[in-house]
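# mind folding the following:
(4 chains)
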Number of protein chains: 2
Amino acid sequence: MKSIAENTINRLIVYKKELGRLLKDSVSNVYSHKLAQLSGFPSHLVRRDLMNVGYYGSPAHGYKVNELEKCISDFLCTPDYVRVILIGVGNLGRAILDYCNQQNPKISIIAAFDSDKNKVNKIYHGIYTFHIGSVQNYIKENDIKVAIITVPGSEAQKIASEIVESGVNGIVNFTPVRLQLPDDVYIENLDMMLGLEKVVYFVDGG
Amino acid sequence: MKSIAENTINRLIVYKKELGRLLKDSVSNVYSHKLAQLSGFPSHLVRRDLMNVGYYGSPAHGYKVNELEKCISDFLCTPDYVRVILIGVGNLGRAILDYCNQQNPKISIIAAFDSDKNKVNKIYHGIYTFHIGSVQNYIKENDIKVAIITVPGSEAQKIASEIVESGVNGIVNFTPVRLQLPDDVYIENLDMMLGLEKVVYFVDGG
DNA sequence: ATCTGTGAACTCGTTCACAGCT
DNA sequence: AGCTGTGAACGAGTTCACAGAT
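You can find the predicted model right below:
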């Protein structure tokens, strides 16, 4: 495991996104202060983070946008194309199918799964939906490593255990359940209610 | 501002949720190890966190589930009823309307807003949708402090500025845009793509 | 003059280890 | 024996401040 802090990774992903935006606007150079303003982090953190990825700018012109974007992408090891599956084609699942296809072209949701007969064999936002019963074979045959779980909480643990058993070792968990899985499985919990509660806390306290 | 770390708040919210689940199952006492296992954090962190909120258990019986749940809720200052609005009734917005209504009864989305004439005056998952043009008045008249933004990225900054001007000081931002707002506005960025990219990174690197 | 790069200091969250209690 | 509570040690992330470069 790389010895880079999780927070650093978060910021790098944000930088990458902002750099992509600058690229679109044909901006060729950027200073740490500008990148800091765009991403919302202090400029000295930006410089420190870029030290970590090993990219060096010049005092005169700052950083070259295209080179830096490439460098961060490489650092994040984003391969050319990562294939991800989504499990649970409810409201949230469909929203994510829609959302993700508009974003990062290097990460694609290539299949969806659900237990509802009415959804199986249908296409949502361009993604084919299979029956949940076939998910384990699908993972093995296609060597899937990352899955998004948007099933009801009551089913989350069972499905998570199954897909991990089949080879998945990275999960984006949108359910409110804390999944019990082996330590070598990376879990990103994105419980939306938790985010909302946090905001309520900090607004209240401020 | 309270001098409690953001991570601690995150964990407390998770504890609270797990305690609520234990309450439903009529479990009356819980040890730090058990709570640790359920929430996925080490037990000594659990104990340290509970020190922060000022709740004390007994070596013999651990913590009383109902008391501890109450204590954490009080600490998080969750008032009886927090009213939140949602802006942008697209796929994601509707999914959140659906999702949140099933969860925490103390935090309610009481209104939705959209610019699409076809959505205005409609009810989604029990929430009435108003035209975006009326959002500023609505915030002032109902003293809204927290908003969820699920509009397209291109509109996010404009709307965020408007609602902050009207009195909102806490935002759950589901768009990929980094909002530029005064420092006293608390922003929780929940860009789903970022979560996915993080998982891809850690899976790849592991 | 202004920006980058970085050693060093510092802060603070986490972990350790053990005393105290039942 | 096994739990909680906590002072103390630890360590990692962040900030500071300035040397170096253009």
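
# how much space between the nearest residue to residue A:165 once chain neighbours are set aside and chain B?
Leaving aside its sequence neighbours, residue A:165 sits nearest to residue A:136 (CB to CB, 6 or more residues apart in numbering or on different chains; 7.3 Å). (Each C-beta comes from the backbone N, C-alpha and C, glycine too.) Look at residue A:136 and chain B: by CB to the nearest CB, to the nearest Å, they are 18 Å apart.

# just the element for the nearest residue to residue A:65 once chain neighbours are set aside, please.
Excluding its sequence neighbours, the residue lying closest to residue A:65 (CB to CB, 6+ apart) is residue A:22, at 5.0 Å. Assigned by DSSP states H and E, residue A:22 falls within helix A:6-24.

# check residue A:37 too.
Following DSSP H and E, one finds residue A:37 within helix A:32-39.

# that helix and DNA strand D in contact?
No: using CB under 7 Å from any atom of the strand, helix A:32-39 stays clear of DNA strand D, coming no nearer than 10.0 Å.

# so whichever helix or strand comes after that helix versus helix A:32-39, what angle?
Next in sequence after helix A:32-39, counting helices and strands by DSSP H and E, comes helix A:43-53. Angle of helix A:43-53 versus helix A:32-39, following axes from the mean of the first three to the mean of the last three CA atoms, to 10 degrees, is 100 degrees.

# got the angle between helix A:43-53 and helix A:6-24?
If you take the same axes, to 10 degrees, helix A:43-53 sits at 100 degrees to helix A:6-24.

# give the pairing partners of the helix or strand just after helix A:43-53; include direction for each.
Per DSSP H and E, helix A:43-53 leads on to strand A:63-64 as the next helix or strand towards the C-terminus. According to DSSP bridges, strand A:63-64 forms sheet pairs with strand A:29-30 (antiparallel).

# for the partner strand, give me every contacting residue.
With contact meaning CB atoms under 8 Å, 6 or more residues apart in numbering or on different chains, strand A:29-30 is reached by A:19, A:22, A:61, A:62, A:63, A:64, A:65, A:68.

# could you check how far the residue of chain A found nearest DNA strand D is from residue A:56?
Ranking the residues of chain A by distance to DNA strand D (CB to the nearest atom of the strand) places residue A:5 first, at 2.8 Å. Computed as CB to CB, to the nearest Å, the residue A:5 to residue A:56 distance reads 21 Å.

# tell me where chain A has strands.
A:29-30, A:63-64, A:82-87, A:107-114, A:123-124, A:127-131, A:146-149, A:170-173, A:186-189 (DSSP state E).

# can I get the fourth one in PDB? Just the C-alpha atoms.
Listed next in PDB are the C-alpha coordinates belonging to strand A:107-114 (Å, rounded to 0.1, in the frame of the first residue of the first chain):
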ATOM      1  CA  ILE A 107     -14.100   4.700 -15.200                       C
ATOM      2  CA  SER A 108     -17.200   3.000 -16.700                       C
ATOM      3  CA  ILE A 109     -20.100   1.200 -15.200                       C
ATOM      4  CA  ILE A 110     -20.400  -1.800 -17.500                       C
ATOM      5  CA  ALA A 111     -23.200  -3.700 -16.000                       C
ATOM      6  CA  ALA A 112     -26.000  -3.400 -13.500                       C
ATOM      7  CA  PHE A 113     -27.700  -6.000 -11.300                       C
ATOM      8  CA  ASP A 114     -31.100  -6.200  -9.600                       C
END
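
# so what's the residue nearest to residue A:165 up against?
Applying CB under 8 Å, 6+ apart, we find residue A:136 in contact with A:162, A:163, A:165, A:166.

# how about the contacts made by the last one?
If a contact means CB under 8 Å, 6+ apart, then residue A:166 has A:135, A:136, A:137, A:139, A:140 as its contacts.

# neighbours of the nearest residue to residue A:31 once chain neighbours are set aside, how many?
In space, and not counting its chain neighbours, residue A:31 is closest to residue A:62: 3.8 Å by CB to CB, 6+ apart. A count of nearby residues for residue A:62, using other CB atoms under 10 Å in any protein chain shown, gives 17.

# could you measure from residue A:62 over to residue B:129?
From residue A:62 to residue B:129 the distance is 45 Å (CB to CB).

# wondering if stretch A:195-202 reaches chain B at all.
Yes: counting by CB under 8 Å from any CB of the partner chain, chain B has neighbours in stretch A:195-202: A:195, A:196, A:197, A:198, A:199, A:200, A:201, A:202.

# between these, which is closest to DNA strand C?
When these are compared for distance to DNA strand C (CB to the nearest atom of the strand), residue A:202 wins out at 13.7 Å.

# where does the nearest residue to residue A:171 once chain neighbours are set aside land on pLDDT?
Spatial nearest neighbour of residue A:171, excluding adjacent residues (CB to CB, 6+ apart): residue A:187 at 5.0 Å. With respect to pLDDT, residue A:187 has a value of 96.

# list the contacts for residue A:187?
A:170, A:171, A:173, A:179, A:181.

# give me the neighbour count for residue A:18.
By other CB under 10 Å, 22 other residues sit near residue A:18.

# that one and chain B, how far apart?
Counting by CB to the nearest CB, the gap from residue A:18 to chain B is 7 Å.
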